[in-house]
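Q: Attaching a predicted model along with its sequence, questions to come.
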Amino acid sequence: MKTFGVLSHLEPKKVFEYFEILTGIPHGSYNCKAVSDFCVDFARQRGLFVLQDDHYNVIIKKEASPSCAHKPALILQGHLDMVCQKEPGSPVDFTKDGLELEIDGDFVRAKGTTLGGDDGIAVAYCLALLDDDTVSHPPLEVVFTTEEEVGMEGATALDTSVLEGRYLLNIDSEEEGILLAGCAGGTTVKVTLPLEYEKRQGSICQISITGLLGGHSGTEIDKNHGNAHILMGRMLEYMEGIHLIRIYGAQEQKDNAIPNECYAKLVYEDRDAIEEAAAKLLLYCKEQFQDTDDGIEVNLEFFDAEAEECLTSEAQERVLYFLTHTPNGIHTMSRDIEGLVESSLNLGILKMEAGKISFSFGVRSSAPVYKEELAGNLKSLAEKLHGSYERTNDYPAWEYKKDSVLREVFLDKYCQIYGKDMKVEMIHAGLECGIFASKIKGLDIVAFGPDIFDIHTTYERLSISSVKRTWELLLKIIEEFP
């Protein structure tokens, strides 16, 4: 059972109070009604304008302070859903349980699960701001979207006609001191292959690949973290005389999270061949990921012979061909910005059901031509293997705006507070900013946030001191916006 009050002594007090409340409300993607209703009740209790749509997006408006009534409205925006990942053995049921928080030095983290700092801290900042009548502010329009982590579906469906602001502060960045001014667009591609089965008699082996770092498939795609699904395909390809019963990913899978575990069950003829393949894969990983995934484990469990429904040789060949030939990871690097990934894709979801196996990819690119190229490559591979291809959740890139009043205000105020320059960058991760820019003509946007490390993994942690500094910057922007 969740324990409350863990963060009660932290500053800024209201920010951490609301953040802890949010971690007590289950809010994984497609499970946002409760947290959305909480935000609606919050607004109604304070007499604020509030609108909730059929997708559980929420818009809350607060009138300007008397001294700021002449100023233009500011839109503050974050998303309500979180990526739900947990360690093996964790008792947390993300559909009904809150998270167990703990403090580790300067960090807040959740025991055995993702924390949801992405993007719970944005919601906490906004609620704390709306709940504080001592802050002088222009008209505020707070927008909480849903299903950002599964293709930005909430933002795509949102009716923005009620919004009057033309300056948007997106609080969905995870590196303090960096102001984002552009991001990649993306799409979700799902390839499904048909499966046929036949009865096989033989000894059984259960294989598990665990201990990889995983991570965000946008911001960490350049960190050389191993993809457990791809590695399992490689390992199975090493083997001869096997008959695959099942291959599957973790219980909680997202196409925007690099998978850190994968499992397979098979009938085998030669135990030594299985063990040699495991050793070969570990050697490969040691060479390829020696600076990252050094905690990888390949576990083998052997069972007595029994009869099992296995894939036919043809079906197994299609599955392994796909896993060993699909593009995955970085595709191109930017020629204009050093170190920026331009296009990539991530095999994040692998599911095997009766009669079919599906592979879901998050495809990202700041150049539309490469997004189309990668999606086309997957389509061609699906057709070659007599499978089906589905493309959903297409969202635009957020293009850099040469003249930005909002960006200049941030740079000026940051320098005033800290005596140093704030960096301006573009990122490979997808943000909802591109969708808002496509819906509201002339919108001026920046994205920022406090330090959050290892998001979308069970190692996720939120810096306490960074939350405080970023709050102070946000207040200064709001109070002194021209």
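A: Received the coordinates, thanks. Numbers count the residues shown, from 1 in each chain.

Q: domain assignment for the chain?
A: Using automatic domain parsing, the domain parsing of the chain gives 13-173+431-480, 188-395.

Q: With distance to residue 415 and mean pLDDT as added columns, please give these in JSON lines.
A: All C-beta spots, glycine's among them, are computed from the backbone N, C-alpha and C. Converted to JSON lines, the domains of the chain look like this (distance: least, CB to CB, whole Å; pLDDT from 0 to 100):
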{"stretch": "domain 13-173+431-480", "distance to residue 415": "11", "mean pLDDT": "96"}
{"stretch": "domain 188-395", "distance to residue 415": "22", "mean pLDDT": "94"}
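
Q: most packed of the ones you listed?
A: Most buried of the domains of the chain by mean neighbour count (mean count of other CB atoms under 10 Å) is domain 13-173+431-480; its value is a mean of 20.

Q: so which of the domains of the chain gets nearest residue 425?
A: domain 188-395 (8.0 Å; CB to CB).

Q: which one of the domains of the chain lies closest to residue 179?
A: Here domain 13-173+431-480 is closest among these (CB to CB), at 5.5 Å.

Q: Export stretch 431-438 to CSV, keeping only CA atoms.
A: The C-alpha coordinates for stretch 431-438 follow below in CSV (Å, rounded to 0.1, in the frame of the first residue of the first chain):
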residue,chain,number,x,y,z
LEU,A,431,7.1,16.4,-28.2
GLU,A,432,3.5,17.6,-28.6
CYS,A,433,4.8,21.0,-29.6
GLY,A,434,4.6,20.2,-33.3
ILE,A,435,0.9,19.3,-33.0
PHE,A,436,0.1,22.5,-31.2
ALA,A,437,2.1,24.5,-33.7
SER,A,438,0.1,22.9,-36.5
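
Q: all helices of the stretch 1-150 of the chain, in order?
A: Assignment of helices within the stretch 1-150 of the chain using DSSP state H, counting those that start in this stretch yields the ranges 13-23, 33-45, 117-130.

Q: just to revisit the earlier point, between the domains of the chain, which one is nearest to residue 408?
A: Taking these one by one with CB to CB, domain 13-173+431-480 is closest: 9.9 Å.

Q: Quick one: distance of the closest one to the chain centre.
A: Centre-to-centre, domain 13-173+431-480 and its host chain are 15 Å apart (CA atoms, centre = their mean, to the nearest Å).

Q: one step back: in CSV: the helices of the stretch 1-150 of the chain, plus distance to residue 143.
A: Converted to CSV, the helices of the stretch 1-150 of the chain look like this (distance: least, CB to CB, whole Å):
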stretch, distance to residue 143
helix 13-23, 16
helix 33-45, 11
helix 117-130, 9
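
Q: Stretch 357-377 spans what distance, first to last residue?
A: Distance between the two ends of stretch 357-377: 18 Å, counting by CA to CA, to the nearest Å.

Q: Please compute how far that stretch lies from its chain's middle.
A: On CA atoms, centre = their mean, the centre of stretch 357-377 falls 17 Å from the chain's centre.

Q: okay but residue 385 is in contact with residue 321, surely?
A: Yes. Using CB atoms under 8 Å, residue 385 is in contact with residue 321, at 6.5 Å.

Q: ok, back up a step: as TSV, the domains of the chain with distance to residue 405 would be great.
A: Shown next, in TSV, are the domains of the chain (distance: least, CB to CB, whole Å):
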stretch	distance to residue 405
domain 13-173+431-480	6
domain 188-395	23
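
Q: quick one, which of those domains is nearest to residue 401?
A: Closest to residue 401 of those, according to CB to CB: domain 13-173+431-480, at 6.6 Å.

Q: And that closest one, end to end?
A: End-to-end distance of domain 13-173+431-480 (CA to CA): 22 Å.

Q: One more: stretch 431-450?
A: In stretch 431-450, first residue to last residue: 16 Å (CA to CA).

Q: Could you shift the numbering so residue one becomes 28, and keep it that way?
A: Noted, 28 is the first residue going forward, which turns the last one into stretch 458-477.

Q: and residue 405, what element?
A: Element membership of residue 405, judged by DSSP states H and E, is helix 395-411.

Q: so where do the strands sit in the stretch 328-477 of the chain?
A: Here the stretch 328-477 of the chain has its strands, by DSSP state E, counting those that start in this stretch, at 356-360, 368-380, 383-392, 415-422, 450-457, 471-474.

Q: now these as JSON lines including distance to residue 52?
A: As requested, these are exported to JSON lines (distance: least, CB to CB, whole Å):
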{"stretch": "strand 356-360", "distance to residue 52": "35"}
{"stretch": "strand 368-380", "distance to residue 52": "25"}
{"stretch": "strand 383-392", "distance to residue 52": "26"}
{"stretch": "strand 415-422", "distance to residue 52": "25"}
{"stretch": "strand 450-457", "distance to residue 52": "25"}
{"stretch": "strand 471-474", "distance to residue 52": "24"}
